[in-house]
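Participant: no FASTA, just this:
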């Protein structure tokens, strides 16, 4: 059954099945002061996995970094209420197959709210680098190139990030939005393919570079400030 529009409550939890288990998305909505019907989504998944998940899956980079980034943007925008509505989501079920973001988009469709989503900014692994060069991949589909452009422009204006643009969606919570023909972009560290701690029990905070996460949040925050 469709759940109510998230604008009806500032914080909600939405449950969905993952196999025989139940998981939850946590959704916080900051209503727009002038254009509440325009929604901008910020999200990152809070579930994690590892080579031995029943024993330890600390997931500091994948994806406590992105979930912490979502919370930080929520904290900042709450202090400076936007004209449009911002929806902050910590998804679950990403590692098992994007269950949380697929459920959220399905709820939007069922409630007739999908068209209100102007775009989504998804944070997944934003705090690991192998050197002093701070690089970020922005990934989307070709139809959403203008949406990606907002973040690339903000990176140039507000950060020292090196930006790599990639087209062709894979494997994170931006995908269900794009599959539903809504603009979305994934921000992910450029060095994630060579992160030796990825999906291991060693994905710990001590291996992270907070300065990279700060730059990626400056980019996202700057773009969303202009848009919302």
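Facilitator: The structure has been received and is ready for your questions. Remember, predicted model here, so these are calculated numbers, not experimental data.

Participant: OK, contacts around the residue positioned nearest the centre of the chain?
Facilitator: Geometric centre of the chain, nearest residue: residue 122, 2.3 Å, by CA atoms, centre = their mean. Residues near residue 122 by CB atoms under 8 Å, 6 or more residues apart in numbering: 42-44, 66, 101, 172-174, 184-187. Bear in mind the C-beta positions are built from the backbone N, C-alpha and C, glycine included.

Participant: Please apply the same query to residue 199.
Facilitator: So residue 199 contacts 49-51, 62 (CB under 8 Å, 6+ apart).

Participant: Against residue 125, how distant is the residue located most distally from the centre of the chain?
Facilitator: What lies farthest from the middle of the chain is residue 55; by CA atoms, centre = their mean that is 26.5 Å. As defined by CB to CB, to the nearest Å, residue 55 lies at a distance of 22 Å from residue 125.

Participant: Also residue 73?
Facilitator: Distance from residue 73 to residue 125, by CB to CB: 16 Å.

Participant: Pick out whichever of those two has more residues nearby.
Facilitator: Taking neighbours as other CB atoms under 10 Å, residue 73 and residue 125 compare with residue 125 leading, 27 against 20.

Participant: mind checking the SS state of the more buried one?
Facilitator: Recorded secondary structure, residue 125: coil (DSSP: H, G, I helix; E, B strand; the rest coil).

Participant: can you pull the contacts of it?
Facilitator: By CB under 8 Å, 6+ apart, the contact list for residue 125 reads 61-63, 65-66, 188-189, 192, 195, 198.

Participant: redo that, cut-off 10 Å
Facilitator: Listed by CB atoms under 10 Å, 6 or more residues apart in numbering, the contact partners of residue 125 are 44, 59-66, 137, 172, 186-189, 191-192, 195, 198, 203, 208, 213.

Participant: Could you report the pLDDT at it?
Facilitator: With respect to pLDDT, residue 125 has a value of 98.

Participant: helix or strand for the closest residue to residue 150 other than its chain neighbours, which one?
Facilitator: Distance criterion CB to CB, 6 or more residues apart in numbering; nearest residue to residue 150, sequence neighbours excluded, is residue 223 at 4.5 Å. Assigned by DSSP states H and E, residue 223 belongs to helix 210-227.

Participant: now the contacts of residue 199: which count as buried?
Facilitator: Buried members of the contacts of residue 199, counted by 16 or more other CB atoms under 10 Å: 50, 62.

Participant: related to what we said a few turns ago, just list what the helix holding residue 223 packs against, helices and strands only.
Facilitator: Contact analysis of helix 210-227 by 3 or more CB pairs under 10 Å, 6 or more residues apart in numbering; DSSP states H and E lists strand 35-45, helix 66-78, strand 84-91, strand 117-123, strand 135-140, helix 145-158, strand 184-189 as its packing neighbours.

Participant: in the second one, what counts as buried?
Facilitator: For helix 66-78, a neighbour-count test (16+ other CB under 10 Å) marks 66-74, 77 as buried.
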